[in-house]
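Undergrad: 3D, please:
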Amino acid sequence: MSDKIFNVLILCTGNSARSIMAEAVFNTIGKDRFNAYSAGSHPTGIVHPLAIELTEKLGYPTEKLRSKSWNEFTTPDAPQMDFIITVCDKAASEPCPIWPGHPITSDWGLEDPAAIQGSLEEQRHAFQNVLNYIMARVRLFSVLPLAKLDELTIKREMDNIGQIKDSN
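TA: Predicted structure coming up:
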């Protein structure tokens, strides 16, 4: 069971920035443990250019990143998720679909860097800040001995990771 690759779905409302970057981070840092996907409750249909810029810096191929609806993951042929993580408070408070397989869910709420109205450098800084939080949280989640933990312990650990406020 320790060789299992876990499926993770990262949710946000627009699926244009935070969830996209989280998908890239999980598939880069956690590539030996996770297959990550992202989706939105109301996807914008466009991936934010700064999310693309930063994921390219990670060395992740960006051509697979796209803004899509969470409905894609509710069909019978969709991958069955082990974990569902929301990265924005709005998506966390929305009524979610019923996910096949009863995945463990957690909210890792982060500020929306796409909402920053400042200069390009201020926007880039906001995106980098959010990316740093995502990377720190994914690193912590990636080292959990998931195969040895029960569901309640995993849920508690995921929730604790989602509360981390220091991005370093």
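Undergrad: list the contacts of residue 128.
TA: Applying Cβ atoms under 8 Å, 6 or more residues apart in numbering to residue 128 gives the contacts residue 54. Every residue, glycine included, has its C-beta placed from N, CA and C.
Undergrad: again, 10 Å this time
TA: The contact partners of residue 128, by Cβ atoms under 10 Å, 6 or more residues apart in numbering, come to 21, 50, 53-54, 57, 113, 167.
Undergrad: would it count as being in a helix?
TA: Yes: assigned with DSSP: H, G, I helix; E, B strand; the rest coil, residue 128 falls within a helix.
Undergrad: what is the burial count for residue 121?
TA: Residues lying near residue 121 (other Cβ atoms under 10 Å) number 8.
Undergrad: circling back to that earlier point, restricted to helices, list the contacts of residue 128.
TA: Taking DSSP state H as the definition of helices, those contribute 21, 50, 53-54, 57.
Undergrad: identify the farthest-apart pair in the contacts of residue 128.
TA: Greatest spatial distance in these: 53 and 167, 18.0 Å, computed using Cβ to Cβ.
Undergrad: so residue 121 versus residue 128, what's the distance?
TA: Residue 121 is 10 Å from residue 128, where distance means Cβ to Cβ, to the nearest Å.
Undergrad: in this protein, which spans are helices?
TA: In the chain, the helices defined using DSSP H lie at 18-29, 49-57, 89-93, 120-142, 151-161.
Undergrad: buried ones in the longest one?
TA: Residues of helix 120-142 classed as buried: 123-124, 126-128, 130-131, 133-138, 141-142 (neighbour count, 16 or more other Cβ atoms under 10 Å).
Undergrad: same deal with stretch 36-56?
TA: Within stretch 36-56, the residues that count as buried by 16+ other Cβ under 10 Å are 36-41, 43, 47-48, 50-52, 54-55.
Undergrad: burial of residue 113, as a residue count?
TA: Here the number of neighbours of residue 113 (other Cβ under 10 Å) works out to 23.
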